[in-house]
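Enquirer: mind folding the following:
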Amino acid sequence: MSVRGRPISFWLLLLLLGQLSVRALAGGTALLVAPSGELVGLSTGPLDNAPIENFLLPGFALFLVFGLGSSVVCYGLYTRRRWAWSGAIGVALALLVWVVIEVAVGFARPTLSLNVATAVSIAGAALSPAVRADRRDESA
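Expert: From the prediction side, this is the model:
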């Protein structure tokens, strides 16, 4: 089944990347504005086990990699750029690494499960036969 000539799994992939982008832009901005984590209800306590003192660097990574990066991958997928499919897989893998680092540092937030589910869903949608076939029609 397709919508506007693209498989439903393609639109699901865009939706997943889009919601990740919105969440990351909002969360990253909040951490950049208030590196103490107060705007998002974070304590710097778990950072005692990390080589950083506040959330400025994680906020920057969140904003850049998952916020802007996911948006760029969405654009690339929509316009059938060759690199976009790999970009979607890269975002999924980066998100899993992000979760592993959060767990290693000692964070136990509800978003951990959401992020794992998002990463697995992005990878699953990107690897679906319909999305892979759709990318064969890509332009430069």
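Enquirer: which stretches of this protein aren't confidently modelled?
Expert: 1-4, 134-140 (pLDDT under 70).
Enquirer: how about the nearest residue to the most centrally placed residue in it, chain neighbours excluded?
Expert: Central residue of the chain (CA atoms, centre = their mean): Phe66, 4.2 Å from the mean position. Once flanking residues are discounted, Phe66 sits nearest to Ala24: 3.5 Å by CB to CB, 6 or more residues apart in numbering. The C-beta positions use only the backbone N, C-alpha and C, and glycine is treated the same way.
Enquirer: how about Cys74?
Expert: Cys74 sits nearest to Leu17 (CB to CB, 6+ apart), 4.9 Å away.
Enquirer: which ones are touching that neighbour?
Expert: Leu17 makes contact with 70-71, 73-74, 77, 88, 91, 122 under the criterion CB atoms under 8 Å, 6 or more residues apart in numbering.
Enquirer: could you redo the last one with a cut-off of 6 Å?
Expert: Contact partners of Leu17, counting by CB atoms under 6 Å, 6 or more residues apart in numbering, are 70, 73-74.
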